[in-house]
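Student: show me the folded form of this:
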Amino acid sequence: MSSLEDERFDGPLLMIAQQSQGIEPLLDAVFSFLRRKTDFFSGAAPEVVQQTVLKCVKKQADLADRTKIEKMTKQAQEDAKAAQARKAAAAKMQKAEAAAKAKALKEKADADAAKLAKDKAKAEKQSKAGDKPSAAGVVAEAGADGSFDLDAGTSSSEAKPPPAPEQGVEQVEEEAGAAAAEEEEEEEEGPRPLGNGMVLENYSWTQQLADLQVVVPVPAGTKTRDLTVSMSASKLSVGLKGKPPILSGDLHKRISLDESFWTLEDNKEVVFTMMKFNQMEWWKCVVAGEPEIDTSKVNPENSKLGDLDGETRQVVEKMMYDQRQKAMGLPTADEQKKNDVLANFMKVGGRLLVLGCGGLRARQ
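Tutor: As a prediction, the model looks like this:
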């Protein structure tokens with residue numbers, strides 16, 4: 001018997017069940033109908049009647065067991081899939097956190113070392129300049145015979161000796177240490193967002209160059225039937241039935257809907273995995289109007305470069321290199337290439353061309 005045939009009498013039977021108010025009264029009403037309106041009891045032997053009833057009961061019991069097993073199997077598959085997705089997301093997050101932390105520490109160490117070296121060099125230069133006698137500090141006095149006595153004027157320069165170089169270096173080191181401590185405090189006040197995303201009050205999200213993941217916490221024990229989820233190529237909405245959406249609005253950019261999906265993990269988190277339509281750009285937020293991240297501080301190393309084709313990979317690697325160079329105040333690949341070409345023509349027309357941040361300028 002098909003599902004449609006099973007359900008065709010549901011309407012009348014539901015009315016009978018509501019009026020009967022119990023399983024036994026419902027069965028009693030059915031068998032009373034068979035006794036009064038049919039020859040079910042009078043037209044067959046009692047053994048046949050019992051066998052017929054038991055056969056129907058056994059058939060429905062077997063169907064109930066089969067349905068239960070199918071539901072349990074489907075639930076187990078969904079749980080296994082959710083656990084695998086959760087494990088992969090956790091591993092991805094740990095890898096992103098480790099990479100972000102290592103990069104931040106390296107950048108800070110390089111910046112501190114460069115600043116300290118620059119300050120020391122400046123202090124040494126100032127100290128050496130202080131050791132040289134200044135023409136303005138030499139006083140020529142006229143003697144009794146009308147000649148100039150240069151030795152007599154040296155006392156004015158000796159009266160103000162230059163500070164010891166060691167003291168200047170130590171002072172610069174202390175100032176550099178204080179500046180590094182201030183920079184460290186500033187970084188602690190505004191750390192880099194982990195996973196190239198953000199943790200907000202109602203949800204969190206991370207991204208790679210090609211895709212992004214959104215995790216929306218829901219009350220423990222939530223079932224799929226309790227959710228209202230809508231996802232299209234340009235819009236997203238998720239929430240509980242009968243309540244305002246937890247997250248809803250226009251997506252920051254378009255997604256490939258056929259490659260995007262969502263799951264309910266551990267009955268407490270709705271996890272969206274969305275494939276970007278343009279897999280060569282970073283998202284500032286998930287939904288328009290939500291807080292945004294600074295895409296200049298993302299970590300391109302978290303992306304799976306091995307999954308890209310050769311030409312696309314070269315473009316991404318060049319973008320990563322240029323971003324690192326800009327962060328360190330160094331020229332990009334194109335700027336470096338231009339500087340290398342112009343460096344071969346440093347002297348033109350008897351004048352020295354000096355390369356600076358603003359381009360070329362002539363120095364006589």
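Student: sticking with the nearest residue to Lys223 once chain neighbours are set aside, tell me its helix or strand.
Tutor: Nearest residue to Lys223, sequence neighbours excluded (C-beta to C-beta, 6 or more residues apart in numbering): Asn267, at 6.8 Å. Placement of C-beta: from N, CA and C, glycine included. In this structure, Asn267 sits in neither a helix nor a strand according to DSSP states H and E.
Student: and for Thr52?
Tutor: Assigned by DSSP H and E, Thr52 falls in helix 46-131.
Student: who's in contact with the residue nearest to Lys223?
Tutor: By C-beta atoms under 8 Å, 6 or more residues apart in numbering, the contact set of Asn267 is 220-223.
Student: same thing with Glu281?
Tutor: Taking C-beta under 8 Å, 6+ apart, we find Glu281 in contact with Lys253.
Student: mind checking which of the contacts of Asn267 are in helices?
Tutor: Using DSSP state H, no member of those falls within helices.
Student: can you tell me which of those residues has the most neighbours?
Tutor: Neighbour counts for the contacts of Asn267, by other C-beta atoms under 10 Å, peak at Thr222, which reaches 17 neighbours.
Student: isn't that one right up against Leu264?
Tutor: Yes: using C-beta atoms under 8 Å, Thr222 is in contact with Leu264, at 6.9 Å.
Student: on that earlier part again, who are the packing partners of the helix holding Thr52?
Tutor: If you count contacts as 3 or more C-beta pairs under 8 Å, 6 or more residues apart in numbering; DSSP states H and E, helix 46-131 packs onto helix 165-189, strand 204-207, strand 211-217, strand 255-265, strand 269-276.
Student: before we move on, back to that, now do the residue nearest to Lys223 against Ser232, distance only.
Tutor: Separation of Asn267 from Ser232 (C-beta to C-beta, to the nearest Å) stands at 25 Å.
Student: do the same with Lys268
Tutor: Plainly put, Lys268 is 25 Å away from Ser232 if you go by C-beta to C-beta.
Student: number of residues surrounding Lys68?
Tutor: Neighbour number of Lys68 under other C-beta under 10 Å is 10.
Student: swap in the one 5 residues further on?
Tutor: Residues within reach of Thr73, counting by other C-beta under 10 Å, total 10.
Student: tell me the contacts of it?
Tutor: Thr73 touches nothing, counting by C-beta under 8 Å, 6+ apart.
Student: what distance do you get for it to Gly221?
Tutor: Taking C-beta to C-beta as the measure, Thr73 falls 21 Å from Gly221.
Student: do Val271 as well
Tutor: Where Gly221 is concerned, Val271 sits at a distance of 17 Å (C-beta to C-beta).
Student: any low-confidence regions in the stretch 101-250 of the chain?
Tutor: Across the stretch 101-250 of the chain, the ranges flagged by pLDDT under 70 are 130-194.
Student: let's see 90
Tutor: By pLDDT under 90, the weakly predicted segments of the stretch 101-250 of the chain are 101-196, 198-199, 201, 209.
Student: do the same with the stretch 251-364 of the chain
Tutor: 279-281, 294-364.
Student: residue ranges of the strands in it, please?
Tutor: Applying DSSP state E, counting those that start in this stretch to the stretch 251-364 of the chain gives strands spanning 255-265, 269-276, 347-348, 351-356, 359-363.
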